[in-house]
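Asker: Below are the sequence and a predicted model for it; my questions follow.
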Amino acid sequence: MSESDSANHHEPPKPGQEEKPKAGRSTIWFVLAAILLLVLVVGIVFAVTAMVRNPQQTETIRDIVIIFVAVEALLIGLALIVLVIQIARLTDLLRNEIGPILESTNDTLGNLRGTSRFLSENMVKPVIKANSSLAAVRRIVELLGFRRNRN
């Protein structure tokens, strides 16, 4: 492989080159969809002509399809009933269990806020004031020269 081949290999594609694969993909999908539609239409035409030629078989197939649709409707109805029951249980869970937990958590947070305020006002601020006063006294002692060097 020469340098010119490797340089051409790593160059970014030009704007016209990027659109060709996308256009090719959409064309392939369009052709596949057209073929599928054509097969569907041919199948429907074949089924209709077969039903017209054999009315006895058509009645049998119709009866079987009606039975399958009835069973499917029954299953969908049962699934909807289960879904409604599950939604009712979820609503009950949210009201009766999650709600009180959230209220309790909110109360606990309120207590923590009050405790931190109390500690800040009654413990931390006085300690900070005492330390700052002590530091000021030390600095005054140093500036006035009353402090002995410990060397």
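Answerer: Yep, that arrived. Bear in mind that the values here come from a model prediction, so they are computed numbers and not experimental data.
Asker: what helix or strand is the residue nearest to the spatial centre of the chain on?
Answerer: Closest residue to the average C-alpha location of the chain: Leu90 at 19.8 Å, with CA atoms, centre = their mean. Following DSSP states H and E, one finds Leu90 within helix 55-93.
Asker: Can you check the pLDDT for the residue nearest to the centre of the chain?
Answerer: You'll see Leu90 listed with a pLDDT of 92.
Asker: ditto for Glu142
Answerer: As predicted, Glu142 sits at a pLDDT of 85.
Asker: same thing with Gly16?
Answerer: 52.
Asker: What ranges in the chain fall below the confidence cut-off?
Answerer: Applying pLDDT under 70 to the chain flags residues 1-23, 147-151.
Asker: any idea where the helices of it begin and end?
Answerer: Along the chain, the segments classed as helices by DSSP state H run 3-9, 15-53, 55-93, 99-119, 125-144.
Asker: Buried residues of the last one, list them for me.
Answerer: It stands for helix 125-144. Judged by neighbour count (16 or more other CB atoms under 10 Å), helix 125-144 contains no buried residues. For the C-beta atoms, the positions are set from N, CA and C on the backbone; glycine is no exception.
Asker: Which residues are in contact with Leu83?
Answerer: For Leu83, no residue meets the contact criterion (CB atoms under 8 Å, 6 or more residues apart in numbering).
Asker: any idea how far it is from Ala70?
Answerer: Computed as CB to CB, to the nearest Å, the Leu83 to Ala70 distance reads 20 Å.
Asker: swap in Ile28?
Answerer: The gap separating Ile28 from Ala70 is 41 Å, by CB to CB.
Asker: Repeat that for Asp63.
Answerer: Distance, Asp63 to Ala70, by CB to CB: 11 Å.
Asker: Overlap of the contact sets of those two?
Answerer: Here Asp63 and Ala70 have no joint contacts, going by CB under 8 Å, 6+ apart.
Asker: Could you count how many residues lie near Arg113?
Answerer: The burial count assigned to Arg113 is 10, neighbours taken as other CB atoms under 10 Å.
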